[in-house]
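Peer 1: I'll drop the sequence and a predicted model, then ask my questions.
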Amino acid sequence: MNRRLSFFRNGLRLWTLVLAGSLISHQADAFDPYTDRGVDRQQQLEAGARKEGKVLFYSGWVANQILAPMKTAFERKYPFVELQYQEGNGRSHVQKIINESRANARNGDIVSGTGLAEPLIKAGMIQPYFSPSAETYLAVYKSPEGYYTSANVNYYGVAYNTRSVKAEDAPRTFADLLDPKWRGKMAWPASSDSGALLFVGSVLSSMGPEAGAIYLIQLSQNRVVNYAGSARAMVDQVGQGEYLLGLNSFAHHPIISQMLGAPLELSLLEPVPVDINTLMAIKQAPHPHASVLLIDFILAIEGQTLLRDAGSFPTHPSLEPIPEMRKAIPTLNNKTINVFTPEAAFKVRDQSLAVISRWFK
């Protein structure tokens, strides 16, 4: 009898251990790096990232200004993860991510930029996520469904060459761009959604469809050059005298170049177009744990400070811009703004493309 009871007890202990091990294994398998909010979230992310070893970031940020310093800072904090990045505009990244998905050869893990949130979300390419780093961010900078968070905002203005254009002669209003003296001497980024497309969309939404269309037809008579390179490269061309004006330039680009000695200055046309740079996780990414670590890092104060110090305008509510960038911020210069969320930009996209195709080709 005692032998049977002992056997039963030992069997029960063994079954308990097996069941406990099964539960622990199930709990470990159930960890979702994108949505977990548990107390051991950071520990789980780091453990998974150690196994993954790297993360690939598709970004519209300028490599030498932001991405290279970000790589150094991130790898210093997480030396077991290699941060790889590919620079490019929103359109190129949208096409790359869709092509990778179709070929079932996903490489990218996260993506940031302007003009790509709505196309990628509608195509089912984006993974919703939670980041405690963004809990204090304003609601306008976050997708209600968790698809994106804005890492920084972009203000847009006119970059002009100070050797060829005096400050008093620089355009101060959209109407000033109609002056014949600018004919053939203005350029805008034609291959970026933050260039010609955003300029046209801002005009149509602020002036109204009819008045905006009339203005744009008049502007087309001044033969705006469709610049095929990046927005950053276009500003460099303005600084070199290839063009007198760079329309819808990122407001911080000419200021950064000016700080390095280039003959460039910025003029803000009212209302100032504003959009948000969205940070998103790519669905079925190969390195999900490292992806979320990088997202957390970019949205936390350390990543946001890095963006600020590079001359960008981070969305973290506790950060002030560097002094040199204050003249690029509309609200600090009594300028009204025209804000484009990803949803708002997508709403005027087709009409803007039609205008550009008809009048600016």
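Peer 2: Sure, I can see it. None of the values given here were measured: they were computed from a predicted structure.
Peer 1: tell me the phi and psi of residue 120?
Peer 2: Backbone torsions for residue 120, taken as degrees, to the nearest 10, come to phi -70, psi -40.
Peer 1: Begin at 34, not 1, for the rest of this chat.
Peer 2: Sure, I'll start numbering at 34, so the last one becomes residue 153.
Peer 1: from memory it sits against residue 160, does it?
Peer 2: No. Using C-beta atoms under 8 Å, residue 153 is not in contact with residue 160, being 10.4 Å away. The way it works is simple: take the backbone N, C-alpha and C, and place the C-beta from them, glycine included.
Peer 1: What helix or strand is the residue nearest to residue 289 when sequence neighbours are not counted located in?
Peer 2: Leaving out its chain neighbours, the residue that sits closest to residue 289 by C-beta to C-beta, 6 or more residues apart in numbering is residue 344, at 4.7 Å. Assigned by DSSP states H and E, residue 344 belongs to no helix or strand.
Peer 1: Who are the contact partners of residue 344?
Peer 2: 98, 285, 288, 289, 292, 355, 357, 358 (C-beta atoms under 8 Å, 6 or more residues apart in numbering).
Peer 1: Per-residue pLDDT of it, please?
Peer 2: Listed pLDDT for residue 344 reads 87.
Peer 1: Between the contacts of residue 344, which sits nearest residue 364?
Peer 2: residue 358 (12.7 Å; C-beta to C-beta).
Peer 1: Which residue is the nearest non-sequential neighbour of residue 178?
Peer 2: Residue 178 sits nearest to residue 161 (C-beta to C-beta, 6+ apart), 5.7 Å away.
Peer 1: er, residue 342 actually
Peer 2: Nearest non-adjacent residue to residue 342, counting by C-beta to C-beta, 6+ apart: residue 355, 6.7 Å away.
Peer 1: follow-up on the earlier one: can you say which two of the contacts of residue 344 are spatially most distant?
Peer 2: It's 98 and 357 that sit farthest apart of the contacts of residue 344, by C-beta to C-beta, at 13.9 Å.
Peer 1: Those two - which one has more neighbours?
Peer 2: residue 98 (17 against 13; other C-beta atoms under 10 Å).
Peer 1: My reading is that that one lies in a strand. Confirm?
Peer 2: No. Using DSSP: H, G, I helix; E, B strand; the rest coil, the secondary structure at residue 98 is helix, not a strand.
Peer 1: roughly how far apart are the nearest residue to it once chain neighbours are set aside and residue 292?
Peer 2: Leaving aside its sequence neighbours, residue 98 sits nearest to residue 343 (C-beta to C-beta, 6+ apart; 4.9 Å). Noted for residue 343: a distance of 11 Å to residue 292, by C-beta to C-beta, to the nearest Å.
Peer 1: Show me which of these two is the more surrounded one.
Peer 2: Neighbour tally, residue 343 and residue 292, criterion other C-beta under 10 Å: the higher count belongs to residue 343, 21 against 13.
Peer 1: list the buried ones in stretch 329-346?
Peer 2: Neighbour counts over stretch 329-346 (16 or more other C-beta atoms under 10 Å) mark 329-333, 336-337, 339-341, 343-346 as buried.
Peer 1: Check stretch 250-264 too.
Peer 2: 252, 255, 257, 258, 260, 263, 264.
Peer 1: what does it contact?
Peer 2: Against stretch 250-264 from outside (C-beta under 8 Å, 6+ apart): 122, 210-213, 215-217, 219-225, 227-229, 266-267, 270, 276, 280, 282-283, 286, 392-394.
Peer 1: rerun that using 7 Å as the cut-off
Peer 2: 122, 210-211, 213, 215-217, 219-225, 227-229, 267, 276, 280, 282-283, 286, 392-393 (C-beta atoms under 7 Å, 6 or more residues apart in numbering).
Peer 1: Same check on stretch 375-387?
Peer 2: 148, 150, 151, 230, 231, 233, 234, 237, 238, 308, 311.
Peer 1: Can you show me the CA trace of it as PDB?
Peer 2: Extracted C-alpha coordinates of stretch 375-387, given in PDB (Å, rounded to 0.1, in the frame of the first residue of the first chain):
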ATOM      1  CA  PRO A 375      -0.800  60.800 -43.500                       C
ATOM      2  CA  GLU A 376      -4.600  60.600 -44.000                       C
ATOM      3  CA  ALA A 377      -4.900  64.200 -45.100                       C
ATOM      4  CA  ALA A 378      -2.000  63.900 -47.500                       C
ATOM      5  CA  PHE A 379      -3.400  60.800 -49.100                       C
ATOM      6  CA  LYS A 380      -6.800  62.500 -49.500                       C
ATOM      7  CA  VAL A 381      -5.400  65.200 -51.900                       C
ATOM      8  CA  ARG A 382      -2.800  62.900 -53.500                       C
ATOM      9  CA  ASP A 383      -4.800  62.000 -56.700                       C
ATOM     10  CA  GLN A 384      -5.800  65.600 -57.400                       C
ATOM     11  CA  SER A 385      -2.300  66.800 -56.900                       C
ATOM     12  CA  LEU A 386      -0.800  64.200 -59.200                       C
ATOM     13  CA  ALA A 387      -3.300  65.200 -61.900                       C
END
